[in-house]
Every structure is written in structure tokens, then in C-alpha cells.
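Peer 1: What follows is a predicted structure for the sequence shown.
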Amino acid sequence: MPQVKIVARNFMDMVASLPVMKLDMLYGNSFICEAILRSLPPLAKKYVLQMLYIDIPITAKSMEEWVLPDGFSKHKVAIDRLIQLRVMMETFDRKKEATYQLNPKFQFNLQKHIVHGGILPREPMPSNITVRLPSLEELEAYAVEQWECFLLNLISSSEGGKTTNISSSMMKIFKRGLLSQRDDREPPRLTESGFQFLLMDTNAQLWYIIREYITNAEERGVDSADLIAFLLELSFHVTGQAYNTNTITDLQRSIIKDLSDLGLVKLQQGRKESWFIPTKLATNLSISLADTTSRKQGFIVIETNFRLYAYSTSKLHCEILRLFARVEYQLPNLIVGAINKESLYKAFQNGITSEQIVSFLQQNAHPRVAERIPSVPENVTDQIRLWESDLNRVEMTPAHFYDEFPSKDVFEAACDFAREYGGLLWEDSKRMRLVVKADILTEMKEFLRRQKQ
Amino acid sequence: MTPVSSKLYADDVSLLMVLVDTNPYFWSSMKNTAFTFPKFISHVLAFLNSILLLNQMNQVVVIATGFNSCDYVFDSSTSSMQRAECLLEKLEDFVDKDESLSQEDSVDGVGFSLLSGSLSMALCYIQRVFRSGPLHPQPRILCLHGSPDGPGQYVAVMNSIFSAQHSMVPIDSCVIGSQHSAFLQQASYITGGVYLKPQVSDGLFQYLSTVFATDLHSRSFLQLPRPVGVDFRASCFCHKNTIDMGFICSVCLSIFCKHHKKCSTCGSNFGEARKQDPSASDQRRTSDGS
């Protein structure tokens, strides 16, 4: 079965994959250094801090002395990560021993930070100009609404009520992996990864979209390093404060416009000036991309009789539930449905796995049931898994069929050969026919050719 | 007492309570050395900055331990930027206030700073964080202490240590004075923290960042200084002297340097000590631990 998985790893993998030149350029920006440091595993952070004021290279051997035997694997992971992100340079001295030293630019920026303390990327606007700023709750609600509206637009271009202002070309890029359209007359259908996308939590979804946004930056004539720098810088702004749009470049202004459609910032227009207000989605950008464990309140209650109650007014939630459950009726603040074999088979056909459904239900469990262990009844989770394994009763193995062997000896030799390689699937010694796995085709060919000679 | 509830934060999110010794008598005694108070504070500021740099959810609270009083001087959750200015301003106010509380003009020696008070304040703060909800950072206490131990605070300090142990809060101690501190040795030993007396006080920042910046999660993987020897001596309850041998009340375990007729803590009557053999059975070593 082909595994299509959306890799929602993290921002820093993307940074690590940038070419050396660009990466070194990024480290000229102190916000990026800070964000990178914070994304590192705890041990790696510790090493950076420890080495910050050491100007000479440190040998790998003396670094190994810092850790206890138990922590050796963690130590290895930390060192690899540091080298991958070019935070630490590995050099070999005359005796062929590995020595490590911090990236000088990175080191300089962090030293500056430690001595002078953190600084804001830009000053917020005074409150006498920005008359009434939205409260944090209003801002949060705005962000959630924008994001859901965007998602609805993404999955069903016709529905969604309010359309977002994201340019259709951008929308197309986002839809590329998630939707497929056979021809123009048919409405586009969600692909396997599209279904999986909907079941991910907001941070993972956000990351997927941002990743697409970054990778397609070059097509729009935007340098991806600039874009990454700006996104990371944005995450250091204070949520709910207003920042004047005059302080950013034209390029950044166009990025801000796109981000406001996603709910990362709110744009407001005053009498003379305009400003942007970062929402939680934006300020969480650098952490949430590093680890996706932040939680929000759930809304789903599942009973042992497979009935499902979702306390939500969101159209998006209803759409998502429809992916794997039969929605029976909808009240203003409640969606009632049931999980049954048919609805799950539909989901499995669409490429959703039972694990994804179960983890979605667990992550979004209503606070009343979330305290219970397990939050989703065991018989429901077991049944979901069983129904999935029912579909996978037949296992397919690509294979090759051989017959018309010249003699019994050749046939038996071929059988033994295939058995030796662990590739024999079936044999019929009476009629001298045999089936072998496709993996060993070349070896088998070679063997039979030798037999002929 | 609420138990330490399960954390949902990442492993290395920490709440660091820093107790800074501001005893003016101690710092004036350090005047002739290269390590003065401004230098010390600049090391500490850099250290605080680096803790806050490591994770944006990290929280730092600074408590000044003065001669007569102690007070919170900095809390990273309430003041956003200009940390250094904010802290220094508060610290100056605190030192002035602390000085005005002094009644006597002269103190013999360097005097003692109010460690028990600041330890209790730190623990109170941590308790409040524990009760604020299931989501809280992992707390630890760091004592940057220079003044000698005040035997008069023995009972209060020990009580703080035990309550820290009970709520599983490690107390790290970094001794910047010339002598080891028996109180802090015991505190770190009992609560599972790190005790360290830097050899070169000029490199304080390096000690702080190498040893004391380690979050609790990473401590299980890293080599940290291990206690060499712990001074378990106790103070007597009657004269607050540090003693090797003494009398212990068999009912409430109070410690006395001399034989009394009645326990001053719980009021139990003691029998007559046998005059002929003063080192007899009811005189025990107090260093057997808690």
C-alpha cells in the first residue's frame, strides 16, 4: 500500500536544509539565532550556553566527558543537530581528532543577547493613535475564525460562505497536494493526504501551509531566506500589540497581507496610519513549529455505543466529522452522529488510517471526558482498529511466475535457490511451476541463465 | 498540601527562583578582593538573560536576601523588557529599605543574611505556581550565598529544606564567600540539588551557565559536581550554637547543648542526668542526620 504521509516535521528541518551560504546569512539576524537556539533539544541548548564564551575549539573527547553513560545517545543527537544546523562547526585537528567550535556569527549574536538582554523587533505603537485594540480573547476568536474559514475554502471551494482574499494562485498551491480534480466538470476531491491534513491539529496544519508557502516563495520572486527570517521575527512580536506597517518593507507588507488571511495577524486601518496586530498563531510560530504539543479545548464526547456528540458550532468540525462518522442531526451548538462500519469504510477508502481517527478523537476529547482514562472508550478504539484490519485481510506481494522448466533437477535447484533467498512463495512440483517474490528477480534470472549453460 | 501535578509542558521548561545575597556587611568585606557586588550582579544578570533565552516559557524570579529583610526584586512573568533596568532599580530600593531597618550601628563580623526568610518566600511562590493549574514549569531554587550561616536561623532553614524536599523542589547552592556553608550543603544534599563553591569567583558566569543552567530533565544525562562532604552539624535550640554533641529530647527531638529539666519545645519533663557520667546514654551525637 503506498504510504502518502504529510511530513509535518518542523521548521528547523527546513532551515537545516538551506544551502550553507543562506544559512550563514540567516545567522546575521539575532532573532533567528534566538529562535534556532530555542528549537534545539535541551541538551544541545545547554552545550551552546556552555560553549558561548569559549573561543578555542573543544575536542569531541572532552565533550563526551560532560555526559553520564546513560545520556550518550542524547548527546549524539544533540551534537548531530548542532552540526546539521551549522550552529557548531566540526573540524579535524592534526591528530585527526574531531573538534567543535560555535559558528562565530551565531556566537556573537547570542553573546550580545546575553549581555544586553532581549530587544523587541520593533516598538509597538502608542495607544493614543490606535484607538481601540481588540482584546486578547477577541483576537483569539478572530484568528480561529480566519483559520477555519481558510480551511473551509481549501476543502470545498464552493462552500464556506465568506471567501478569503488569498490570491487564487496561492490557493492553488495550497490545494495542489490536498485536492485532486479529474476534469473541470467534476468538483475537486480530497486526496489521501488531504484527508490526513484535516485530522491534524492546528499547529501541524499551520506548519504544512507555511511550509508550502515558503517552498513556493521562489516562484513568486521572494527569497525563501528572507521569508523565513521575517516569519521568525514575527514570532518575537508581542501578541495583541499594534505595530506600524510603515516599519516594514514592501515585500514584508505583502507577506503580512497573506498572513492576515490565514489569521496570523490582524490588519487595522487608522485615520492616517495602518498597523498589524500579531495573533497567537503568529507568536507561537517558532515554538509550535518545533513541538506540536500545545493543547486546546476539545469538544467531542464518544459513548460506548459508538454515538458521538460534538459540542461545536463550527462548520469545519462538522465537515471533519463527516469524514469518518455519520452525522445524524445538528443543533445550534451540538453535532450528533455515530461511528459505524460504513462510515469508517468510507474513511479507510479515502486513505485515512484508524490511528489517525483514534488520535483525532483523543486529542479533541471534551474536557469532561478528557480527564478519564481512556478518554475514548476502549471498545470503540478497538472496533475502529478491527474494522481497519478487516480490510487488510489480503496481503499483496508483487511476484513472478515461472513454468516450463526443462527438467526436474533444474526446477528443484531453482526452488532451493529461491528458498535460500527467502523469496519462494509457492511451488507445484507436479507441474513444475513456481512463484517467487519480485525482489529476487535479478538473482533468479542470473541463476537460471547459469543453469542453462 | 497539593501534590506536584503532572506537567504538560516540554521537559525543559523551568521556573528558577534565584536568591541573591545582598548582605551589605558581607559585600563590604569583599571590597578588597577583585569580586565586588557590581561585578557579581553583572554575572547574575547575564545568567538570568541566558535562562530566559533558552526557552520562552522559562520563568525567573529573583529574591534579594538582605540583612534585615528579604523581598522579590524581579519576576520575568510580569516585567517584559528592560530586565536589567527593572531589576537594578528594585534592588536599589530594596537595599535602601533594608538599611533603614538596621537599628544597631555596628555588627561584629560580617553578620548573617536572612536565608530562612528568602527560602520560605521562594517556596511560597512555588506553591502558588503549583496551585495555579496543571500547566506549570518545573521549579528549582538557586541560592547565591556569601554570608556565613546564622545559627539562629537553624530551625527555620531546616524546616524550609524539608518542605522543599516534600514538594520535590531541588535547592541548588553556589557559595560565593570564602567558607563553605553547612546549611546550604545540607539543603542541596537533602533536596537533590547541586552544591558548588566556585574556585575562581571571576568566572562566576561560566560556573552558572555550566552547572546551574542545567534544567532538571537534562540533569539525568550530565555530569554535575557531586557533594564531597556534607557538614551535618546542628544548632542547639537554647543558645543557637553549632554543636557536635548535645542532648536530644526523646519526645520531640529538640536539640540542646546543656541538660535541662524540662524541654522548652514540648514541655516534657526530663529525668535527672546521672552526675557521675556526663557522657552517658542520653547524650547522643546529633550528627546522625534528621
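Peer 2: Now that the structure is in, tell me what you want to look at.
Peer 1: count of neighbours near the residue of the stretch 101-250 of chain B found nearest chain A?
Peer 2: Relative to chain A, the nearest point of the stretch 101-250 of chain B is residue B:221 (2.5 Å; C-beta to the nearest C-beta). C-beta: built from backbone N, CA, C; applies to glycine. Look at residue B:221: counted by other C-beta atoms under 10 Å in any protein chain shown, it has 21 neighbours.
Peer 1: Contact partners for it?
Peer 2: Neighbouring residues of residue B:221 by C-beta atoms under 8 Å, 6 or more residues apart in numbering or on different chains: A:43, A:67-68, A:70-71, A:74-75.
Peer 1: do that again at 7 Å, thanks
Peer 2: A:43, A:67-68, A:70-71, A:74 (C-beta atoms under 7 Å, 6 or more residues apart in numbering or on different chains).
Peer 1: The residue in the stretch 51-200 of chain A that chain B sits nearest to: what secondary structure?
Peer 2: In the stretch 51-200 of chain A, the residue that lies nearest chain B is residue A:71 (2.5 Å; C-beta to the nearest C-beta). What DSSP: H, G, I helix; E, B strand; the rest coil gives for residue A:71 is helix.
Peer 1: Break chain B into its domains for me.
Peer 2: Following automatic domain parsing, one finds the domains of chain B at B:14-220, B:232-290.
Peer 1: Single out the most deeply packed of those.
Peer 2: domain B:14-220 (a mean of 19; mean count of other C-beta atoms under 10 Å in any protein chain shown).
Peer 1: So for it, mean pLDDT?
Peer 2: For domain B:14-220, the mean pLDDT works out to 87.
Peer 1: go on, stretch B:243-258?
Peer 2: 87.
Peer 1: okay, how far is it across it, tip to tip?
Peer 2: With C-alpha to C-alpha, to the nearest Å applied, stretch B:243-258 spans 11 Å between its terminal residues.
Peer 1: before we move on, what about stretch A:434-444?
Peer 2: Criterion C-alpha to C-alpha; first-to-last residue distance in stretch A:434-444 is 12 Å.
Peer 1: returning to what we had before: please indicate which of the contacts of residue B:221 has the highest neighbour count?
Peer 2: Highest neighbour count within those, by other C-beta under 10 Å: residue A:43, with 25 neighbours.
Peer 1: before we move on, back to that, quick one: residues contacting the residue of the stretch 51-200 of chain A closest to chain B.
Peer 2: Residue A:71 neighbours (C-beta under 7 Å, 6+ apart): B:221-222.
Peer 1: anything in stretch A:13-32 near chain B?
Peer 2: No: on the criterion C-beta under 7 Å from any C-beta of the partner chain, stretch A:13-32 is out of touch with chain B, staying 10.6 Å away.
Peer 1: That stretch: how far from the chain's middle?
Peer 2: 20 Å (C-alpha atoms, centre = their mean, to the nearest Å).
Peer 1: Enumerate the residues of chain A near chain B.
Peer 2: A:34, A:37-38, A:42-43, A:45-46, A:49-50, A:53, A:65-68, A:70-71, A:74, A:113-115, A:117-118, A:120, A:287, A:291, A:293, A:295.
Peer 1: So which of the residues you listed belong to helices?
Peer 2: A:34, A:37-38, A:42-43, A:45-46, A:49-50, A:74, A:113-115, A:287 (DSSP state H).
Peer 1: quick one on the thing from earlier: name the nearest residue to the residue of the stretch 101-250 of chain B closest to chain A, sequence neighbours excluded.
Peer 2: If you skip the residues right next to it in sequence, residue B:221 has residue A:71 as its closest partner in space, 2.5 Å away by C-beta to C-beta, 6 or more residues apart in numbering or on different chains.
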